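[1] A structural model of the following input is requested.
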Amino acid sequence: MVLSKLRLFAMIRDLKEAGARICGISAPSRASTLVNYLGLDEAIIDYVCEIAGSLKIGKCMPGTSIPVVEESRLFTDQPDCAIIFSWHIADELAPEAAGQGLSREADNAPCRFRTSCDAAVVLGAFE
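    Numbering: from 1, shown residues only. As a prediction, this is how the structure comes out:
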């Protein structure tokens, strides 16, 4: 588990140090556990998206100042990297995000990374 944590944090850190804009997709309660376990904050994760009408919009991820915003921002901003925090439904969310306009500049195919415990899925870690 610790090795998975270190790998995921290192990948996110490397992306951020390279200037990547990173957002989260979905804000389930389990995401706040992962975010706080990894020590992520608003300096690393720019925002987390939720579906329109969610009562979480306008609030922050628990234990952080990471804002929760309406998911349309994901498609207008086109961040460099998106972390799916609802990893239990990642196979549904990834194609949906791509179908709604989140694209990879190089070949329009999302890049995927999974920790060994499937704790998160990262889309579009672009090079």
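[2] may I have the secondary structure class of the residue nearest in space to the middle of the chain?
    Centroid-nearest residue in the chain: Ile83, 2.0 Å away (criterion: CA atoms, centre = their mean). Per DSSP: H, G, I helix; E, B strand; the rest coil, the local secondary structure of Ile83 is strand.
[3] that one reaches Gly24, doesn't it?
    Yes. Using CB atoms under 8 Å, Ile83 is in contact with Gly24, at 5.0 Å. All C-beta spots, glycine's among them, are computed from the backbone N, C-alpha and C.
[4] which residues do those two both contact?
    Ile45 (CB atoms under 8 Å, 6 or more residues apart in numbering).
[5] following element in sequence after the helix or strand harbouring Arg7, please.
    Using DSSP states H and E, Arg7 sits in helix 2-17. Using DSSP H and E, the helix or strand that follows helix 2-17 in sequence is strand 22-25.
[6] which helices and strands does that next one pack with?
    Secondary-structure packing of strand 22-25 (3 or more CB pairs under 8 Å, 6 or more residues apart in numbering; DSSP states H and E): helix 2-17, strand 47-50, helix 72-77, strand 81-84.
[7] related to what we said a few turns ago, can you tell me who the residue nearest to the centre of the chain pairs with across the strands?
    Beta-bridge pairing of Ile83 under DSSP bridges involves Gly24, Val122.
[8] from Gly53, how far out is it?
    Distance of Ile83 to Gly53, given as CB to CB, to the nearest Å: 22 Å.
[9] what do you get for Ser29?
    18 Å.
[10] same question for Trp87.
    If you go by CB to CB, the gap between Trp87 and Gly53 works out to 23 Å.
[11] picking up where we left off before, what is the helix holding Arg7 packed up against?
    Using 3+ CB pairs under 8 Å, 6+ apart: helix 2-17 touches strand 22-25, helix 29-38, strand 81-84.
[12] what's the next secondary structure element after the last one?
    This points to strand 81-84. helix 90-99.
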